[in-house]
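S.K.: how does the following fold in three dimensions:
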Amino acid sequence: MTDFSVFVMTGGDTDKFLQGQITADMGKIGTAFVPTAICNLKGRVQFGLWVRRVSDNADDGVQIVISSDLAEDLAKHIKKFGAFSKITLSAAKPIYPAIIDGVASFDTTDHDQTAQWQALSIATGNYWITKDTSELYQPQELRLHQRDGVAYDKGCYLGQEIVARLYFKASPKAYLHRVASADVDFFAHHAEESGLAVVNSISSLDGSEALVVARPDTIETLGATQSLQNLPLPDALQADVGRV
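M.R.: Sure, this is the predicted structure:
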C-alpha cells in the first residue's frame with residue numbers, strides 16, 4: 001500500500017506538542033519534509049511520519065504526512081495526547097508520492113509517480129510504515145537516526161527512554177538493509193521464514209527489491225544459499241547503526 005494522507009496542525013502549542021511526540025527536533029524542522037516517527041512506550045515506531053513547516057511563518061502550521069491506513073489512528077492519538085494543548089488538527093486529505101528535485105517527497109497534485117517513488121524510496125532507505133508494520137521496529141533498526149529523524153539531545157518524547165538507552169548503552173543486532181532477489185515472490189512468501197522482516201518491497205525488472213530489517217549474518221547467509229543480493233544504500237545509511 002502506498003496511499004498517503006496529510007494533516008495540518010496549527011495553534012500556539014504546535015511546536016511544543018510535537019516536540020513531546022516525535023523523535024525529531026522541531027527546532028530543526030524547516031519547509032522541506034523530514035522523516036520522523038511517533039513511538040509507543042516500548043520505543044517502537046507506531047507512526048512513521050514526514051513533517052515540514054507550511055511556510056517560514058510559524059502561524060501557518062506544520063504538515064504531517066502518514067500512510068492513509070494509519071491516518072484515523074493518528075488523529076485519535078493526537079486528540080488523546082493534545083486534549084489540553086492549544087492545537088488544531090485539520091481533517092486528513094490525500095497527498096501523493098512525488099519526486100521533487102530527485103528526492104522522494106510528496107505533492108498535493110497527483111503526478112502518477114507512485115512506482116518511481118517506491119523504487120527511489122527503496123534505493124534511498126526512505127521506508128514507509130503502514131498499519132501492518134506499525135509498532136514492529138525501533139527507530140535505530142530503521143536507520144532513522146542516520147536520516148536526521150531522531151534527536152538524542154532534545155528532551156523527552158514518547159518512548160524516548162528506550163530509544164536513548166539503545167543508542168547510548170547498546171546497539172541493534174538487526175537493522176535496515178536494501179536487498180534484491182531474482183524471485184519476484186521471495187519477499188511476499190519466503191522472507192519471514194528466512195529471517196527477514198520486510199518493511200517495504202517492490203517488483204523490479206530482475207525480480208524484486210526490498211527494505212528489510214535483519215541481522216548482517218542473515219543477509220550474508222542468504223546471499224550464499226538463496227542468491228540474495230545486498231544492495232547499497234546512501235553513504236549515511238551504510239554507517240554503523242550504533243553510537244559514533
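S.K.: give me the contact list for the helix or strand bottoming out on mean pLDDT in the chain.
M.R.: Scoring the helices and strands of the chain by mean pLDDT, DSSP states H and E places helix 186-189 at the bottom, with a mean of 88. Defining contact as CB atoms under 8 Å, 6 or more residues apart in numbering, one finds that helix 186-189 is touched by 181, 196, 198, 201, 207-208, 210, 212, 226, 228. Heads up, the C-betas are built off the backbone N, CA and C, glycines and all.
S.K.: filter those residues down to just the buried residues.
M.R.: When those are checked for burial by 16 or more other CB atoms under 10 Å, the buried set is 181, 196, 198, 201, 207-208, 210, 212, 228.
S.K.: re the thing from before, next SSE after the least confident helix or strand of the chain?
M.R.: Next in sequence after helix 186-189, counting helices and strands by DSSP states H and E, comes strand 197-204.
S.K.: show me what that following strand is in contact with.
M.R.: Identification of contacts with strand 197-204 by CB under 8 Å, 6+ apart yields 115, 118-119, 121-122, 127-129, 133, 136-137, 142, 174, 176, 180, 184, 187-188, 191-192, 208-214.
S.K.: just the buried residues of those residues.
M.R.: Using 16+ other CB under 10 Å as the threshold, 118-119, 121-122, 127-129, 133, 137, 142, 174, 176, 180, 187, 191, 208-214 are the buried ones among the contacts of strand 197-204.
S.K.: leaving out chain neighbours, which residue sits closest to Thr36?
M.R.: Ala24 (3.8 Å; CB to CB, 6 or more residues apart in numbering).
S.K.: now Ala119
M.R.: In space, and not counting its chain neighbours, Ala119 is closest to Ile202: 6.2 Å by CB to CB, 6+ apart.
S.K.: run a quick neighbour tally on that neighbour.
M.R.: Close neighbours of Ile202, defined as other CB atoms under 10 Å, add up to 16.
S.K.: what segments of the chain are helices?
M.R.: 14-19, 71-81, 114-124, 160-169, 186-189, 216-225 (DSSP state H).
S.K.: any low-confidence regions in the chain?
M.R.: Along the chain, the parts satisfying pLDDT under 70 run over 1.
S.K.: what does the domain assignment say about this structure?
M.R.: 4-169, 175-237 (automatic domain parsing).
S.K.: just so I know, which of the ones you listed lies nearest Arg243?
M.R.: Nearest to Arg243 among the domains of the chain is domain 4-169; the distance by CB to CB comes to 5.6 Å.
S.K.: before we move on, the earlier item: enumerate every residue touching the residue nearest to Thr36.
M.R.: Counting by CB under 8 Å, 6+ apart, Ala24 touches 34, 36, 51, 148-151.
S.K.: go again using 10 Å as the cut-off
M.R.: 18, 34-37, 49, 51, 139, 144-145, 147-151, 154, 157 (CB atoms under 10 Å, 6 or more residues apart in numbering).
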